[in-house]
Every structure is written in C-alpha cells, then in structure tokens.
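Enquirer: model the following, please.
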Amino acid sequence: MSAMRSVAQRAVPRVLSSLSRQTRGMATEKQILMQINATKNIKKITSSMKMVSAAKLKGDETRLKLAGPFNSWTSCLNGEPKEVEDATFEELPQKTLIIPFTSDRGLCGGINSFITRSVKRTVSAITNQGKECDIVIIGEKGRAQLRRFVGENIIKSATDIESPGTYPLAASLTAEIIDAGAADYDAVCIIYNHYVNPALYKQMYQVVSPFVEEGQVGEPLMEYEFDGDKKELMEDMYEYMLSSQLYYTFMDAAAAEQSSRMAAMENASKNAGEMIDSLTLRYNRARQARITTELIEIISGASALDG
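Expert: Residues are numbered from 1 along each chain as shown. Alright, predicted model coming up:
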C-alpha cells in the first residue's frame with residue numbers, strides 16, 4: 001500500500017505539469033488560429049478592393065481617352081508636359097503657383113508620396129534659383145503630407161473632391177484658383193501622376209502661362225482678328241485653358257490612382273496569403289508538439305504505474 005501511495009505521489013506532479021503545458025499549448029494554438037482567421041478576412045477585403053479598383057479603372061481609362069482630344073489644343077500654347085524626374089525647373093518664371101494633384105483616400109500605394117516628393121523637389125529647386133512659389137493643394141493626403149514640409153508656401157487647399165471629376169468641377173476649381181490670385185503669378189505649374197498602363201505611372205508637370213499682353217513680344221494669335229477687347233478675351237481664354245488642363249489632369253490622376261490601388265491591393269492579398277501559409281505551418285507544428293508531448297506523458301505515467 002505504501003508503495004502504491006508513493007507511486008501516486010510521484011505521478012500527481014507529472015499530471016499537473018502535463019495539464020499546465022497542455023493549457024498553454026492550447027492557448028497558443030487558439031491564438032495562432034485567431035490570427036489565421038483574421039488574416040483570411042483581411043485577404044478577402046483586399047481581394048474585393050482589387051476587383052473594385054479594376055472595374056473603376058476601366059471607367060477611368062475611358063474618361064481619360066475622351067478627355068485627351070478635349071485638351072489637345074492646350075499643348076499648342078503651353079507645350080507638352082515634362083517628367084519631374086531629372087527636371088531642373090529652370091524654365092519656370094520668377095513667381096510660380098504650384099498645383100499638386102493628390103487623392104483624398106489612402107490604400108493606393110506610394111502615389112501620394114511620389115507627388116509630395118516631387119513638390120518638395122520643385123520648391124527646393126525654385127528657391128535655390130532665387131525665385132518665388134506658392135502652393136494650392138488638391139487632395140487631403142497631399143495636404144496632410146506637405147504641410148509638414150512646405151506649410152509656409154501653402155495658400156489654399158481643396159479636399160473631398162467629387163469622384164470621378166467633371167468639367168464643371170474643374171471650372172469651379174479654376175475660378176477659386178483665379179480668385180486666390182492665380183492671375184498675379186507668372187505661371188501655374190501642375191504636378192500630377194500620369195497614367196501609362198495598369199502597372200506604370202509617372203510624375204509629370206505642366207506649365208500653364210498667362211498670355212502676353214497686346215503689343216509685347218510673343219503676343220499670341222496675332223494672325224486672328226477679335227470681336228471685342230482682345231485683352232479681356234485672352235483673360236477668359238486663359239481661364240478656359242487652365243480649366244481644360246485641370247480637367248484632363250483630374251482624369252489622368254484618377255486613372256493612375258486606381259491602377260496604383262489595384263496593384264497595392266494585389267500585393268496586400270499576396271502578402272496575406274504568404275502570412276496565412278506561415279501561420280498555418282506554425283499552427284500545425286504547435287499542434288503536433290502538443291500531441292507528441294501528451295503521448296510521451298501518458299506513456300511515462302503508465303510506465304511509472306506499472307513499475
């Protein structure tokens with residue numbers, strides 16, 4: 001009897017230790033399983049967002065294609081847009097108004113960071129050349145980022161922009177920019193993301209300069225006769241040209257934003273899949289370790305009782 005009591009006393013601590021380790025093991029498995037389920041839910045969301053962005057991109061591509069001919073006439077007066085990369089901005093005049101186009105929503109990759117970086121570079125180049133510049137920001141994300149770096153240059157911002165953009169929206173924004181003093185600047189520099197294809201977009205800038213006054217060198221449209229005051233008509237034409245350029249920029253930036261969001265969600269879904277595989281491997285290892293430990297302890301307890 002005393003021998004059996006001695007065996008039982010030795011077995012009790014082993015059983016308690018086994019239960020403690022089993023509880024900890026089950027908690028660990030439960031935590032890993034919760035992480036797996038949460039990651040699967042995230043993957044479902046990112047996959048859905050990718051499909052939504054792909055559908056929206058089709059519409060943005062169509063609108064961009066239609067907006068191209070509408071704005072093609074401005075290139076005859078302002079020239080073609082240029083890439084921000086490797087640009088010196090020496091062609092910019094003494095006083096420039098910079099209008100960067102960013103988005104109001106996130107989860108679209110580095111599309112807003114690229115514009116912020118381009119604006120910082122432009123402001124730095126203009127300042128080093130002894131020139132002046134101010135900024136009117138389009139988009140909440142650009143305002144949040146740029147006010148930390150060039151906040152003293154920001155004079156106005158427009159957020160919660162209607163999507164997709166329309167020409168009346170571009171015209172109203174142009175009117176607000178004109179009221180903010182755009183006519184007092186020597187040029188307006190629009191910085192935006194140019195859509196190339198679903199996998200590529202570039203940072204471009206377009207300089208829109210007011211028309212030279214009548215009688216000065218470089219006076220435009222001298223071969224035409226105007227019915228009315230030419231100066232007033234050219235001011236109206238400058239506002240129309242700026243609104244036309246802003247409308248096209250809206251379309252271009254929207255397509256680039258959707259392509260970037262689609263790529264970002266695709267990468268997020270891929271990363272979530274890899275994380276699910278890694279967590280599943282951890283879960284299987286923890287489960288196998290717990291089962292192996294339980295079997296060893298059962299066999300050890302049985303051997304102790306038999307001995």
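
Enquirer: residue contacts, Arg147?
Expert: Taking CB atoms under 8 Å, 6 or more residues apart in numbering, we find Arg147 in contact with Ile154. C-beta here means a position set from N, CA and C on the backbone, and glycine is covered the same way.

Enquirer: which pLDDT value goes with it?
Expert: With respect to pLDDT, Arg147 has a value of 90.

Enquirer: for it, give its distance to Asn193.
Expert: Noted for Arg147: a distance of 20 Å to Asn193, by CB to CB, to the nearest Å.

Enquirer: so is Ile137 in a helix, a strand, or just coil?
Expert: Secondary structure of Ile137, reduced to three states by DSSP: H, G, I helix; E, B strand; the rest coil: strand.

Enquirer: how about it: what's its closest non-neighbour residue?
Expert: The shortest distance from Ile137 to any non-neighbouring residue, by CB to CB, 6 or more residues apart in numbering, is to Ser157 (4.2 Å).

Enquirer: how about Leu246?
Expert: Ala170 (4.3 Å).

Enquirer: how distant is the helix or strand that neighbour falls within from the center of its chain?
Expert: Here Ala170, judged by DSSP states H and E, is contained in helix 167-179. Put simply, helix 167-179 sits 24 Å off its chain's centre (CA atoms, centre = their mean, to the nearest Å).

Enquirer: then it to PDB, C-alphas only?
Expert: C-alpha atoms of helix 167-179 as PDB (Å, rounded to 0.1, in the frame of the first residue of the first chain):
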ATOM      1  CA  TYR A 167     -15.500  69.700 -66.200                       C
ATOM      2  CA  PRO A 168     -17.900  71.800 -64.100                       C
ATOM      3  CA  LEU A 169     -15.900  70.700 -61.100                       C
ATOM      4  CA  ALA A 170     -12.600  71.700 -62.900                       C
ATOM      5  CA  ALA A 171     -14.200  75.000 -63.900                       C
ATOM      6  CA  SER A 172     -15.200  75.800 -60.300                       C
ATOM      7  CA  LEU A 173     -11.800  74.900 -59.000                       C
ATOM      8  CA  THR A 174     -10.200  77.200 -61.700                       C
ATOM      9  CA  ALA A 175     -12.500  80.000 -60.600                       C
ATOM     10  CA  GLU A 176     -11.400  79.600 -57.000                       C
ATOM     11  CA  ILE A 177      -7.700  79.400 -58.000                       C
ATOM     12  CA  ILE A 178      -8.100  82.600 -60.100                       C
ATOM     13  CA  ASP A 179      -9.800  84.300 -57.100                       C
END
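
Enquirer: need the pLDDT of Gln22.
Expert: 46.

Enquirer: next: Gly151.
Expert: 88.

Enquirer: in the protein, where's the longest strand?
Expert: strand 187-197 (DSSP state E).

Enquirer: for it, give the mean pLDDT please.
Expert: The pLDDT scores in strand 187-197 average 94.

Enquirer: check stretch 38-47 too.
Expert: If you average the pLDDT over stretch 38-47, you get 95.

Enquirer: go on, stretch 233-247?
Expert: 89.

Enquirer: same check, this time on stretch 62-75
Expert: Rounded mean pLDDT across stretch 62-75 is 90.

Enquirer: which residues does Asn193 bridge with?
Expert: Taking DSSP bridges as the rule, Asn193 bridges to Gln203.

Enquirer: settle this for me: it is touching Ala254, isn't it.
Expert: No. Judged on CB atoms under 8 Å, Asn193 makes no contact with Ala254 at a distance of 9.4 Å.

Enquirer: wait, doesn't Glu140 sit right on Asp160?
Expert: Yes. If you go by CB under 8 Å, Glu140 and Asp160 touch, sitting 7.1 Å apart.

Enquirer: what do those two both touch?
Expert: Asp104.

Enquirer: look at these two and report which has more neighbours.
Expert: Remark: of Glu140 and Asp160, Glu140 carries more neighbours, 19 against 8, as counted by other CB atoms under 10 Å.

Enquirer: and that one, what does it touch?
Expert: Going by CB under 8 Å, 6+ apart, Glu140 touches 102-104, 159-160.

Enquirer: that one and Cys76, how far apart?
Expert: From Glu140 to Cys76 the distance is 34 Å (CB to CB).

Enquirer: SS state for the most centrally placed residue in the chain?
Expert: With distances taken as CA atoms, centre = their mean, Cys108 lies nearest the centre of the chain, 3.4 Å away. Secondary structure, three-state DSSP: Cys108 is coil.

Enquirer: quick check: phi and psi at the closest residue to it other than its chain neighbours.
Expert: Excluding its sequence neighbours, the residue lying closest to Cys108 (CB to CB, 6+ apart) is Arg261, at 4.0 Å. The main-chain torsion angles of Arg261 are listed as degrees, to the nearest 10 and equal phi -70, psi -40.
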